[in-house]
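# Sequence first, then the predicted structure, then my questions.
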Amino acid sequence: MNRFWNFAGCVAVAAFVGAPTALAETPTDTLIMARNIDAISTFDPAQIGEVVTNEIVLNICDSLVEIDPEDEAAVVPSIAKDWTVSDDGLKITFNLVEGAAFPSGNPVTASDVAWSLQRVLTLGFGNAATLTEYGFTAENAETDFVAIDDATFEMNLSRPYPVMLILQAIAANRVANVLDSKYLMDKEVDGDLGNKYLTTQSACVGPYALRQWNAGEVVILEANENYYGPAPKMNRIIIRHVAEAQAQRLLLEQGDIDVARDLGAEDLRDLNENPDIEVVSAPMHQLYYMGFNNADPKFADDRVRLAFKYLMDYDAMSETVMAFLGMPRASVVPLGALGALDEAEGQPFSLDLDKAKALLTEAGYGDGFSARLFIGTLPYASPIAQHVQENAAQVGIDLEIEQMANAQLFSAFRGREFDTVMLSWQTAVPHAHGMLSRHAVNPDNSAEASLTMFPTWRASWFSEDFNRRIDEALFERDEAKQIEMYKQIQRDHMQKGPFAYSFQLLDTAALSKAVTTWKWNAFRAYYSDVEKD
Amino acid sequence: MSASDPAGLESSPHLVSSLRWGRIGGQFLRTVVSVSVTILGLLVLTFFIGRLLPLDPVLAILGDDASQEAYDRMVQKLGLEKPLWEQFLNYVWNSLQFDFGTSLTSGRPVIEDILRVFPATLELATLAMILGTGLGIPLGVLAAANRDTWVDQFVRVVSLIGYSAPIFWLGLLGLTVFYAGLGWVGAPGRIGIVYQYDLEVRTGLYLIDSAISGHWDIFADVFSRIVLPASILAYGAMAYISRMTRSFMLEQLSQEYIIAARAKGASRSSVIWWHAFPNIAVQLVTVVALSYAFLLEGAVLTETVFAWPGFGRYLTTALLRADMNAVLGCTMLVGLIFITLNLLSDVFYRMFDPRTR
């Protein structure tokens, strides 16, 4: 008996110490990515609001144009092979590619383009704001989006908006994903224009097609063999739901996945030292910020809001909690957007408790005050909030942190039921107007207006001056002058704006050495360009 | 009618039979009423929890960016503007038909989602329960029979660790050692990507499905992936069951009938397994049933660490996304699980304890 246990013990120890752990290999024609895909709730481009689904849908549904993978400030043809602009700047005419067909076999026509844009307005989900912001309305949709013939589509503008802005904001956006109108109308239920069908399936044309989505489990895309454009390099893209960052890391290190998308700062720091893994980052046009309820007299004072910008050690946070996840940014316009302040001028703040105290005293709050701080479930939300809380306490401000589900957080913010709040905002446009139009403009601050899509309205902050200057900058034809106008607006917004921005968020991925080409920018990853050994 | 049989029962076999059936009928009726009242209570509770939580299902559908007009339209579409009593009646009527509406997080009917994710948890929890019970009961008995010896101390320490170690931490540790370090178990996830298309899903229990179809390579893959999360869940269950078993057994072993049995010359093992153990069986049924119910309710953390597409994760995600249809559907299911296991416990009580018949 003793000999048996000795033998068993030896086997166990040998296995523990010396067992060779062969690394797995993923198939060469398949990209396997681990990502938290809990947020996916639909594949209808009119309804999608999450970053993860946006990236997927832009790889399965082509829009009129797309953001240039090499230069995110430019656009390149997609379903539209070229376009012209009328002299008065009120009409953009798109000529469509020939020979493109949907998986159903129906040809892609201008009618599909017009129908797709019109349905976004008709359905009225959050994405409709992308169009209404530029004067398009459900009532005028049929005259604003017109199919001249099968190969020619016309977009009529109410004002001469900068063409590049319209191309970036609308033509390259998911709202201009071209859908198979005939097929979807056959699938219509209770006048939903195919919304129910598109919840779990796709009816569009792109380099990949949605093969399978099991909520909270996996998304499988397969190469579209009949794609009119260049054939994608990978035959299959598999996005596995792995919510836990540590599990993602183990899978990557073991070679069971090619890409990990939701790693934390600690894991990324370690993996960055691993020669078999490459850590890549792309600055997103998404800012993490603190909002203040200006209906409260103390937060309506510019000096109080400004004081909060001196309550964070931005550099220390970016090297620890936000390593690989964000870079300090105080300007409302993200780095990389047209008209953005440069890195130094866009982040003039640092931890300065004396300055904060002086500002509070000047505003009449030298003895401090108490306020609630609402935060969501982002992994860095709590450490950042605690950091601010500790510093705030030193200048007499008692911040009571309340962490809640994101849906609850949004609800409180939209309902103006908060004191201060921390969350992020993303724009789909690499242009200063993308952020300013929501974070500095507030057309009507009255409660009746219910302009809940404007964070400025949610914060009860209104400035006629900013409304006017942003409108003037938007229609300034001299680009150099326009950029200078945007820069001045940012400088003023940093001093008087309703929000305290802290970080421009980074999209960071860890790639196995099998991945030789990974192309992405602030707005999307290009799956069709991925290459593996 | 004899003096010793004042009711005359002995002389009337038909009456005895009808009284017996009457008792069974009465018991059945009481059970039906009790279950119906419990389900109604559950419906009331889930409905009002759904209304009281500060989560907005309209925003969950439309997105944070939606205009007020779109918001108001959706409120009407979902019927949220109707009086509460009318919403409740609709909810009860639909729930009784197992129609919990469409999940906002998956876009599919909630019942379809539940039928998809529940087998994953059922498979995991059942395997964990078999392991946990199979190890927990003998260990508990062993510890009680060897009270205050090193065996008892060892079982108590092992149980204490299983009882108090965070399951999230145990999961990550297990993955680091057995998956990444030794390569003994499969990667997180329920099935390998290469087998995703090959398995014909019949019962939703992948071990059984792969065995039925004779795909033993898939069976091996699925087993290599389930064994670690099931073992970790089993460890927790084992810790609880062994501690309870030890405690019940110690109580029995101090009874006089045990001393009498020993005095009559019954062997130690015979006394433990044939005299004492049957007397703790009833209590163990409750312990095992409760452990099983808690595992079925959803091992959220284990499912998260092991990327297991199960019921617990589905419910948690639904809750965080304000997907109230899914939350209510899941809550109903959890209630039904507890009711079913309670009923089963009652059946087992009657089997093990003649006094309850």
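Great, that's in hand.
# how many other residues sit next to A:N214?
Residues within reach of A:N214, counting by other CB atoms under 10 Å in any protein chain shown, total 18. The C-beta positions use only the backbone N, C-alpha and C, and glycine is treated the same way.
# And for A:S382?
So A:S382, with other CB under 10 Å, has 16 neighbours.
# do you know how far B:G183 is from B:S224?
For B:G183, the distance to B:S224 under the criterion CB to CB, to the nearest Å works out to 10 Å.
# Quick one: residues in contact with stretch B:230-247.
Outside of stretch B:230-247, the residues within contact range by CB atoms under 8 Å, 6 or more residues apart in numbering or on different chains are B:124-125, B:127-133, B:135-137, B:139-141, B:143-144, B:152, B:155-156, B:158-163, B:167, B:170-171, B:174, B:280, B:283-284, B:287-288, B:291, B:295, B:299, B:302.
# If you count neighbours, what's buried in the longest helix along chain B?
Among the elements of type helix in chain B, defined by DSSP state H, the one spanning the most residues is helix B:13-52. Neighbour-count burial for helix B:13-52, counted by 16 or more other CB atoms under 10 Å in any protein chain shown, picks out B:I39, B:L42, B:L43, B:T46, B:F47, B:G50.
# How about stretch A:43-53?
A:F43, A:D44, A:P45, A:A46, A:Q47, A:I48, A:G49, A:V51, A:V52, A:T53.
# ok, of these, which one's closest to chain B?
The closest of the buried residues of stretch A:43-53 to chain B turns out to be A:G49 (CB to the nearest CB; 3.5 Å).
# Now do the closest one against B:R73, distance only.
Taking CB to CB as the measure, A:G49 and B:R73 are separated by 17 Å.
# go on, A:E72?
From A:E72 to B:R73 the distance is 35 Å (CB to CB).
# So for the two, which residue has more residues nearby?
The residue with more neighbours, out of A:E72 and B:R73 and counting by other CB under 10 Å, is A:E72; that gives 20 against 16.
# doesn't that one fall inside a helix?
No: under DSSP: H, G, I helix; E, B strand; the rest coil, A:E72 falls outside any helix and is assigned strand.
# what sits up against whatever helix or strand A:F94 lives in?
Assessed by DSSP states H and E, A:F94 sits inside strand A:91-96. For strand A:91-96, the surrounding residues in contact (CB under 8 Å, 6+ apart) are A:64, A:79-86, A:108-110, A:113, A:148, A:150-157, A:163, A:166-167, A:171.
# Given that strand, what are its sheet partners and their directions?
Sheet partners assigned to strand A:91-96 using DSSP bridges are listed as strand A:80-85 (antiparallel), strand A:152-156 (antiparallel).
# Can you tell me which of these is nearest to A:N224?
If you check each of the strands paired with strand A:91-96 against A:N224 by CB to CB, strand A:80-85 wins as the nearest, at 18.4 Å.
# Any regions of the chain where pLDDT drops low?
The chain I'm using is chain A. Residue ranges of chain A with pLDDT under 70: A:1-24.
# could you do chain B instead?
Per-residue confidence for chain B (pLDDT under 70) gives these ranges: B:1-13, B:16, B:20, B:53-55, B:64-65, B:298, B:354-357.
# again, 50 this time
Applying pLDDT under 50 to the predicted model, the residue ranges of chain B that meet it are B:1-4, B:6-9.
# Find the centremost residue of it, please.
B:A293 (2.1 Å; CA atoms, centre = their mean).
# Could you check how far it is from chain A?
23 Å (CB to the nearest CB, to the nearest Å).
# Over to B:A144?
Using CB to the nearest CB, which is the criterion applied here, B:A144 is 25 Å from chain A.
# Now for that residue, how many residues are close by?
B:A144: 23 neighbours (other CB under 10 Å).
# again with A:S450
Using other CB under 10 Å, A:S450 has 15 neighbouring residues.
# Surely it forms part of a helix?
No: note on A:S450: no helix contains this position according to three-state DSSP, which reports coil.
# can you tell me how far it sits from B:G79?
21 Å.
# thought A:F503 was touching A:M322?
Yes: checked against CB atoms under 8 Å, the pair A:F503 and A:M322 is within contact range at 5.7 Å.
# which one of these two has more residues nearby?
With neighbours defined as other CB under 10 Å, A:F503 and A:M322 compare such that A:F503 has more, 25 against 22.
# that older thread, could you single out the nearest of the buried residues of helix B:13-52 to chain A?
Sorting the buried residues of helix B:13-52 by distance to chain A puts B:G50 at the head of the list, at 13.3 Å, by CB to the nearest CB.
# Now the closest one: closest residue in space that isn't a chain neighbour?
Using CB to CB, 6 or more residues apart in numbering or on different chains and skipping residues adjacent in sequence, the residue nearest B:G50 is B:M324, 4.6 Å away.
# Could you do A:G229 as well?
Counting by CB to CB, 6+ apart, A:G229 lies nearest to A:P207, which is 6.5 Å off, once chain neighbours are set aside.
# show me what contacts that neighbour?
Under the contact definition (CB under 8 Å, 6+ apart), the residues listed for A:P207 are A:N59, A:I60, A:A223, A:N224, A:Y227, A:G229, A:P230, A:A231, A:P232, A:Y527, A:S528.
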